[in-house]
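**Student:** heads up, no residue letters with this:
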């Protein structure tokens, strides 16, 4: 299991979770919950991450949020 915490996580329905942890098993998001203090073995991303098709994604560094949200092209995303 992998734990990733982020400043913001955007769910497929558009809900924005602030300072949450996402748990990933077999490359799939299995649960999320609020970040309440430091947790061992948790990676921190000070950015916005996105849940799409059960996977946790981030924007490629060359893209902007507005373009990525508008296009959702596969080259825009980087899997975590």
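**Tutor:** Received it, and whenever you're ready, just let me know what you need. Keep in mind that this is a model prediction, so the values were computed, not measured. Numbers count the residues shown, from 1 in each chain.

**Student:** Low-confidence ranges, the chain, go.
**Tutor:** Filtered on pLDDT under 70, the chain yields the residue ranges 60-80.

**Student:** Determine which residue lies closest to the centroid of it.
**Tutor:** residue 49 (3.0 Å; Cα atoms, centre = their mean).

**Student:** OK, contacts around that one?
**Tutor:** 4, 6, 8, 9, 10, 22, 56, 57, 58, 80 (Cβ atoms under 8 Å, 6 or more residues apart in numbering). The way it works is simple: take the backbone N, C-alpha and C, and place the C-beta from them, glycine included.

**Student:** let's see 6 Å
**Tutor:** By Cβ atoms under 6 Å, 6 or more residues apart in numbering, the contact set of residue 49 is 6, 9, 56, 58.

**Student:** Repeat that for residue 54.
**Tutor:** By Cβ under 6 Å, 6+ apart, the contact set of residue 54 is 28, 29.

**Student:** Return the distance of it relative to residue 14.
**Tutor:** 16 Å (Cβ to Cβ, to the nearest Å).

**Student:** A helix includes residue 7, no?
**Tutor:** No. Read with DSSP: H, G, I helix; E, B strand; the rest coil, residue 7 is strand and lies in no helix.

**Student:** Near it, how many other residues are there?
**Tutor:** Neighbours of residue 7 under the rule other Cβ atoms under 10 Å: 15.

**Student:** Repeat that for residue 9.
**Tutor:** The burial count for residue 9: 23, using other Cβ under 10 Å.

**Student:** which non-adjacent residue is nearest it?
**Tutor:** Nearest non-adjacent residue to residue 9, counting by Cβ to Cβ, 6 or more residues apart in numbering: residue 17, 4.4 Å away.

**Student:** and if you look at residue 45?
**Tutor:** Using Cβ to Cβ, 6+ apart, the closest residue to residue 45 is residue 6 (4.4 Å).

**Student:** That neighbour contacts residue 44, correct?
**Tutor:** No. Assessed by Cβ atoms under 6 Å, residue 6 is found out of contact with residue 44, at 7.5 Å.

**Student:** the more surrounded of those two?
**Tutor:** A count of neighbours by other Cβ under 10 Å puts residue 6 above the other of residue 6 and residue 44, at 25 against 15.
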